[in-house]
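Visitor: the amino acid sequence is not available; the structure is as follows:
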């Protein structure tokens, strides 16, 4: 299997740069296989591999990619449900019992920039 470089991972440039800042330049074989099997395309996968083979990074990448897709869906269509799900799925997002409060505040604060949510 050809080596997959971090620059080739289909996530936002900010995420790729963050990964590289911690010294990761290429993926381990289990990570490559999971990504090539559709992990970042919304496929549900069970990854069983040895300790220190990159499973945690895969989980974070899957969560962040889902967040990116849901955020775009929410912004393009003014979809509050997708915005809620985006905040819920993000690994650094608010706890489940705070998502609605955070979303309401975010939308209110940025109302001028998010007109589709106010139709």
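Guide: Yep, that arrived. These numbers come from a predicted model, not from an experiment.
Visitor: average pLDDT across the longest helix anywhere in the chain?
Guide: Across the chain, the helix with the greatest residue count (assigned by DSSP state H) is helix 55-77. For helix 55-77, the mean pLDDT works out to 93.
Visitor: give me the buried positions along it.
Guide: Residues 55, 57-58, 60-62, 64-71, 74-75 are the ones in helix 55-77 that count as buried (16 or more other CB atoms under 10 Å). In this view, the C-beta of every residue, glycine as well, is placed from N, C-alpha and C.
Visitor: go on, stretch 87-95?
Guide: For stretch 87-95, a neighbour-count test (16+ other CB under 10 Å) marks 87-90, 93 as buried.
Visitor: shaky segments in the protein?
Guide: 1-2 (pLDDT under 70).
Visitor: mind listing what residue 49 touches?
Guide: Remark: with contacts taken as CB atoms under 8 Å, 6 or more residues apart in numbering, residue 49 is in contact with 30, 55.
Visitor: assumed it was part of a strand.
Guide: No: Residue 49: not assigned to a strand; according to DSSP: H, G, I helix; E, B strand; the rest coil it is coil.
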